[in-house]
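Student: predicted structure and sequence below. I'll ask about it afterward.
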Amino acid sequence: MHRRKPYTHAAAIISLFAFHFKASDGALMAAVAEDDAGQQAMTETQPEPEQEQSVDGQTTIRVLIKSSGGKVNIRTGNGTSYSRITAVAPGTTLEYVASAFNGWQAVKIGSQVGWVSGEYSEITSE
């Protein structure tokens, strides 16, 4: 019997956010695909961040950087083995892109997509 691959949270994120980014943003796609491959056995998905509707009907989800030890690294993938793009100061807010099963958040940093550990970030909405 042929089993279909389950539609995972990461695949849903790719579908929803792919139109925001050019094909050159392969780091996001590769990192989410890598995380998705490692999570195939998981049947449970992460809950979506709570969203509030603003006056104009648009929801803006942001990621707040938090750290008591100084700047926080933004990386090319969802783990410390990926190279650093930059470091940002605590209190900085960045545009939310996606969440990985390992707790890392994809964020828009300039014209790139970077990743920040959930240990040093918090999803918020405006």
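Tutor: The structure has been received and is ready for your questions.
Student: what sits closest to Q112 if chain neighbours are left out?
Tutor: Nearest residue to Q112, sequence neighbours excluded (C-beta to C-beta, 6 or more residues apart in numbering): I85, at 6.2 Å. Heads up, the C-betas are built off the backbone N, CA and C, glycines and all.
Student: wait, E119
Tutor: Spatial nearest neighbour of E119, chain neighbours left out: G103 (7.2 Å); criterion: C-beta to C-beta, 6+ apart.
Student: thinking again about what came up before, quickly find the element holding the residue nearest to Q112.
Tutor: Here I85, judged by DSSP states H and E, is contained in strand 84-88.
Student: about what we covered before: isn't the residue nearest to E119 right up against Y120?
Tutor: No: contact status for G103 versus Y120: not in contact, 10.4 Å apart, counting by C-beta atoms under 8 Å.
Student: okay, the two: which has more neighbours?
Tutor: The residue with more neighbours, out of G103 and Y120, is Y120; 21 against 12, by other C-beta atoms under 10 Å.
Student: residue contacts, that one?
Tutor: Y120 is in contact with I65, K66, S67, V72, counting by C-beta atoms under 8 Å, 6 or more residues apart in numbering.
Student: between the longest strand belonging to the chain and strand 84-88, how many degrees?
Tutor: Counting by DSSP state E, the longest strand found in the chain is strand 93-99. Between strand 93-99 and strand 84-88, the angle comes out at 140 degrees (axes from the mean of the first three to the mean of the last three C-alpha atoms, to 10 degrees).
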